[in-house]
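*Asks:* this one's structure only:
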């Protein structure tokens with residue numbers, strides 16, 4: 001969903017509520033339900049709210065499909081004009097530490113809420129998704145955990161990842 005700046009400039013706080021049925025590179029099981037607000041603070045547009053969905057991915061241990069439930073997750077974004085965004089990027093030092101504000105560039109006088117939700121969804125996904133409480137079919141793991149395993153890699157077979 002894209003919101004035009006002209007809609008925000010006339011109100012102090014604009015609420016939105018909608019669903020996303022498709023996102024690039026993310027396998028959704030159900031639509032993403034998004035609700036939030038946009039408010040203007042000086043030259044910044046602050047976008048915040050919550051989203052809920054379920055996504056399909058693969059277990060890192062057995063490669064079975066795993067459903068990840070992302071319920072009532074929060075998102076936050078701060079959008080600034082193209083000119084201010086370029087100034088922000090030019091003022092960043094090479095080894096600068098990132099702060100809480102990650103600015104987004106306003107394009108064509110619109111703010112893309114879908115992209116803010118997409119970025120947060122990727123951050124909210126577990127780094128190593130796995131079956132819970134443990135894998136049902138470990139034949140794939142057993143196939144490669146025999147004595148013929150190269151001794152350099154043997155320690156990796158004992159790693160158990162807990163989410």
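*Replies:* Cool, the structure landed. Computed from a prediction, not measured in an experiment: that's the story for all the values here.

*Asks:* lowest average confidence, helix or strand, in the protein?
*Replies:* Using mean pLDDT, DSSP states H and E, the weakest-scoring helix or strand in the chain turns out to be helix 139-143, at a mean of 66.

*Asks:* is residue 87 in a helix, a strand, or coil?
*Replies:* Here residue 87 is recorded as helix under DSSP: H, G, I helix; E, B strand; the rest coil.

*Asks:* what's the closest non-adjacent residue to residue 54?
*Replies:* Once flanking residues are discounted, residue 54 sits nearest to residue 29: 4.3 Å by CB to CB, 6 or more residues apart in numbering. (C-beta placed from N, C-alpha, C; glycine too.)

*Asks:* the strands in the protein, which residues?
*Replies:* 2-4, 13-20, 32-41, 44-58, 65-80, 103-105, 110-112 (DSSP state E).

*Asks:* can you pull out the low-pLDDT segments for the chain?
*Replies:* 8-11, 94-101, 139-150, 163 (pLDDT under 70).

*Asks:* where is the longest helix in it?
*Replies:* Across the chain, the longest stretch assigned as helix under DSSP state H is helix 113-124.

*Asks:* measure the nearest residue to residue 106 once chain neighbours are set aside to residue 38 for me?
*Replies:* Of all residues beyond its chain neighbours, the one nearest residue 106 is residue 79 (5.0 Å), with distances taken as CB to CB, 6+ apart. Counting by CB to CB, to the nearest Å, the separation of residue 79 from residue 38 is 9 Å.

*Asks:* neighbour count: the two, which is higher?
*Replies:* More neighbours surround residue 79 than the other of residue 79 and residue 38, with 25 against 22 (other CB atoms under 10 Å).

*Asks:* distance of residue 27 relative to residue 82?
*Replies:* Residue 27 is 33 Å from residue 82, where distance means CB to CB.

*Asks:* got it, and residue 154?
*Replies:* 54 Å.

*Asks:* likewise for residue 37?
*Replies:* 23 Å.

*Asks:* check residue 105 too.
*Replies:* 6 Å.

*Asks:* who has more neighbours out of the two?
*Replies:* Each of residue 105 and residue 82 has its neighbours counted (other CB under 10 Å); residue 105 has more, 16 against 12.
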